[in-house]
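In: starting from these lines, generate the structure:
(one chain, ligands or ions: 2)
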Amino acid sequence: MERWSLREFEAEARARLDPAHYDYFAGGAGDEVTVRANEAAFARIGLLPRVLRGAAKLETGLTLLGSRAAMPVLVAPTAFHRLADPEGERATARAAAAAETIMIVSMAATVAIEEVAAAAPGAELWFQLYVQPDLAFTETVVRRAEAAGCRALVVTVDSPVLGRRERDLRNGFHDLPEGLCCENLRDGDRVRPILMSPELSWEHLDRLREMTALPIVVKGVTHPGDARIALDHDVSAIMVSNHGGRQLDTVPASIDLLPDIAAAVGGAVPVLLDGGIRRGTDVLKALALGAAAVAVGRPVIWGLAADGERGASRVLGRLRAEVEHALTLCGCASIGDLDPGMVRRTC
Ligand SMILES: Cc1cc2nc3c(=O)[nH]c(=O)nc-3n(C[C@H](O)[C@H](O)[C@H](O)COP(=O)(O)O)c2cc1C
Ligand SMILES: CCCCC(=O)C(=O)O
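Out: Ligands and ions are numbered 1, 2, ... in the order given. As a prediction, this is how the structure comes out:
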């Protein structure tokens, strides 16, 4: 089947997935105000192309924390890929490798990080971590990620408790089906639950900093004050994210939070963004407003559910083609040519 846009992948995924699993992937917290806002906000920002710039040779690649990506679009960490495809995160990692971009593997992956790495030898992998109150166990997970070759830790800080997702409550979706589990949480002959803890503080980040030499990215920053504090804790990048609207509902769209955070960070470290990216033009808007790169969550899952590794590859390939096309139409030879003067709020 021909698919022209990311939205068509979602329609196909929806038709294929168990409805409760579709709802888990698509849904968010509360009234899903933030889920909708993330996408809608991009439509309210216009792009102002520059003309006659002689930008014939296009460069979309970049290096982030020592990892090379051929495009400024990363794979955001999302849980439970084996609900979408039997190969799960192995397939996603191969798709990311084919797209020459970075995959942030979720701590809640249904394939162990070692197996993900082995399945996609060329992939640039980063590891997403929910710091567990048991720091000794956290350290064993960090060591596994390091040994598997992950090049950065992405620490999710927006989840002192899980968001209240009413679709999941309605569907009675609480646990993975028989045979699937969070493979990165294995501890001897048991699998630990992922604990979200309101006790976590910047001190835990400092402990983590002492534990590993890997660059640390804090994911889930929405307040400029927290971005400034993060800089005092030796983070290597800041990811503006409202968790795709799955944690606190009514947090503003991530693209609307970006300018203030970029200003607070002042170029000290790269600022990344996720939430609502569905088009190449969305990527350009985020980069123009100060993001070094963006990440996509649900679109990759839709590709995976629609057509496994090939579907996830096509989603990433489509985005790359859209980024290149939009850059050309904007008169840019590289992503570095984008600046805040090229976007305009339209309403
Ligand atoms: C099904 C699903 C599972 C997710 N699992 C995780 C996770 O395990 N860890 C994490 O930090 N973020 C997780 N997220 C949030 C994503 O990393 C990302 O912030 C969000 O999906 C971006 O929005 P988008 O889906 O509109 O691209 C998840 C998101 C979805 C949709
Ligand atoms: C315990 C796994 C949580 C995954 C997650 O972050 C999400 O569903 O948004």
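In: need the residues of the protein near ligand 1, please.
Out: Proximity of the chain to ligand 1 (CB under 6 Å from any ligand atom) is limited to residues 25, 38, 76-79, 106, 108, 128, 156, 219, 241, 243-244, 246, 274-277, 296-298. Glycine gets a C-beta too; all of them are placed from N, C-alpha and C.
In: in strands, which of those fall?
Out: Using DSSP state E, the subset of the residues of the chain next to ligand 1 located in strands is Q128, T156, K219, D274, V296.
In: please name the nearest non-neighbouring residue to the fourth one.
Out: Take D274 and drop its neighbours on the chain: the residue closest to it by CB to CB, 6 or more residues apart in numbering is A295, 4.1 Å away.
In: what about the one you found, how many neighbours?
Out: Counted with other CB atoms under 10 Å, residues neighbouring A295 total 27.
In: which ones are touching it?
Out: Contact analysis of A295 by CB atoms under 8 Å, 6 or more residues apart in numbering lists V73, L74, V75, A76, I104, M239, L272, L273, D274, I277.
In: hang on, the earlier thing: among the residues of the chain next to ligand 1, which are in reach of ligand 2?
Out: Counting by CB under 6 Å from any ligand atom, A79, A108, H243, R246 from these sit close to ligand 2.
In: which among the residues you listed end up buried?
Out: The neighbour-count criterion (16 or more other CB atoms under 10 Å) marks A79, A108, H243, R246 among these as buried.
In: which SS class is A11?
Out: The local conformation at A11, judged by DSSP: H, G, I helix; E, B strand; the rest coil, is helix.
In: from the chain's centroid, how far away is stretch 1-16?
Out: 20 Å (CA atoms, centre = their mean, to the nearest Å).
In: quick one on the thing from earlier: how close does the residue nearest to D274 get to ligand 2?
Out: Distance of A295 to ligand 2, given as CB to the nearest ligand atom, to the nearest Å: 13 Å.
In: partners of that residue in the sheet?
Out: Judged by DSSP bridges, the bridge partners of A295 are L74, D274.
In: distance of it from G66?
Out: To G66, A295 is 17 Å away according to CB to CB, to the nearest Å.
In: check A43 too.
Out: The gap separating A43 from G66 is 35 Å, by CB to CB.
In: please apply the same query to G297.
Out: Distance of G297 to G66, computed by CB to CB: 23 Å.
In: more neighbours, these two?
Out: Taking neighbours as other CB under 10 Å, G297 and G66 compare with G297 leading, 22 against 11.
In: please report phi then psi for the more buried one.
Out: Dihedral pair for G297: phi -100, psi -80, per degrees, to the nearest 10.
In: cool, R53 as well?
Out: Per-residue torsions, R53: phi -100, psi 0 (degrees, to the nearest 10).
In: surely it touches L329?
Out: No - contact criterion CB atoms under 8 Å: R53 and L329 do not qualify, at 11.4 Å.
In: so for those two, which residue has more residues nearby?
Out: Neighbour tally, R53 and L329, criterion other CB under 10 Å: the higher count belongs to L329, 15 against 12.
In: so that one touches V51, yeah?
Out: No - checked against CB under 8 Å, the pair L329 and V51 is beyond contact range at 9.9 Å.
In: where's the closest residue to V75 other than its chain neighbours relative to V296, distance?
Out: The shortest distance from V75 to any non-neighbouring residue, by CB to CB, 6+ apart, is to M103 (4.2 Å). According to CB to CB, M103 stands 11 Å off from V296.
In: if I look at those two, which residues touch both of them?
Out: L74, V75.
In: against R228, how distant is the residue nearest to D274?
Out: Distance from A295 to R228, by CB to CB: 22 Å.
In: am I right that R90 is in a strand?
Out: No - the assignment for R90 is helix, going by three-state DSSP, so no strand is present there.
In: what pLDDT does it get?
Out: Note for R90: predicted pLDDT of 98.
In: could I get the phi/psi values of G280?
Out: Torsion angles, degrees, to the nearest 10, at G280: phi -60, psi -40.
In: that one: how many residues sit nearby?
Out: G280 sits with 23 neighbouring residues when counted by other CB under 10 Å.
In: run a quick check on it versus G317, I expect a contact.
Out: No - the pair G280 and G317 fails to qualify as a contact (CB under 8 Å) at a distance of 11.5 Å.
In: looks like D339 contacts L289 (just checking).
Out: No - here D339 does not reach L289: they are 9.3 Å apart, not a contact under CB under 8 Å.
In: out of the contacts of A295, which one sits closest to D260?
Out: The nearest member of the contacts of A295 to D260, counting by CB to CB, is L273 at 12.4 Å.
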